[in-house]
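S.K.: Sequence first, predicted coordinates after that:
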Amino acid sequence: MARVRRFAVLLLLLVAGVGAVLFIRLRTRDRTLTFTREDLQRRVATKFPFDQKMLLFTITYSDPVVKLEDGSDRIGIGLDAAAKLAGSQLVKGRVEGDWQLRYEPTEGALYLDDPKISRFDIQGLPPSTQGTIAMVARPLVQEYLRRVPVYKVKPRERGTLRSVKVEKGRLVVVLGSG
């Protein structure tokens, strides 16, 4: 009887140990989030059109196009831009740039960050006016997109950002537990 009891206790300890190891392993494993270009396109498109009103002109940004480049850790975005100067006609152009992802663990949100605007062209404006508009509007569009959450992570999936990379046309985000 004592042998059976000792065996049962050892078996119970073994099962508890295996359970603890599995629990810890499941708690500490990385979580991989994968987004297609279309997923990101839908998420970003909900934030547009967006108007920037300044003293002498208004720029409307619309029709974002998300671009993913394999091997990069950045998300490319192109926007149509339409500028209306006070007392002038509407002129159109294009804004393009790329952003890194920033993860806010307390919110569980992925945001666009560290913007690099590579193109800011408004056709039909004199170069001096275009330069002035670009100088004023560039930081505003950068800041607006920095506040755009691309994705909200479920509370049970939150962790620390391990990596971001574009692989095979998809954005792959790896979150760890800490």
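M.R.: Cool, got the structure.

S.K.: quick one: low-confidence ranges for the chain?
M.R.: 4, 6-28, 178 (pLDDT under 70).

S.K.: all helices in it, in order from the N-terminus.
M.R.: 2-28, 37-45, 127-146 (DSSP state H).

S.K.: Show me the contact partners of the last one.
M.R.: It stands for helix 127-146. Contacting residues not belonging to helix 127-146 are listed as 50, 52, 54, 57, 59, 61, 77, 79, 83, 85, 95, 97, 99, 102, 111-113, 115, 117, 120-122, 125 [C-beta atoms under 8 Å, 6 or more residues apart in numbering]. Heads up, the C-betas are built off the backbone N, CA and C, glycines and all.

S.K.: buried subset of those residues?
M.R.: Neighbour-count burial (16 or more other C-beta atoms under 10 Å) applied to these gives 50, 52, 57, 59, 61, 77, 79, 83, 85, 95, 97, 99, 111-113, 115, 117, 120, 122, 125.

S.K.: show me the contacts for residue 94.
M.R.: Taking C-beta under 8 Å, 6+ apart as the test, what residue 94 contacts is 78, 79, 80, 81, 119, 121.

S.K.: what bridges to it?
M.R.: Judged by DSSP bridges, the bridge partners of residue 94 are residue 80, residue 121.

S.K.: ok, now residue 58?
M.R.: Bridge pairing for residue 58 - DSSP bridges - gives residue 53, residue 84.

S.K.: And for residue 117?
M.R.: With DSSP bridges as the criterion, residue 117 is bridged to residue 97.

S.K.: what sits against it?
M.R.: 95, 96, 97, 138, 141, 142.

S.K.: Correct me if wrong: the third one contacts residue 113.
M.R.: No: distance between residue 97 and residue 113: 11.9 Å, which falls outside the contact criterion (C-beta atoms under 8 Å).

S.K.: and the gap between residue 165 and residue 143?
M.R.: Here the criterion is C-beta to C-beta, to the nearest Å. By it, residue 165 lies 26 Å from residue 143.
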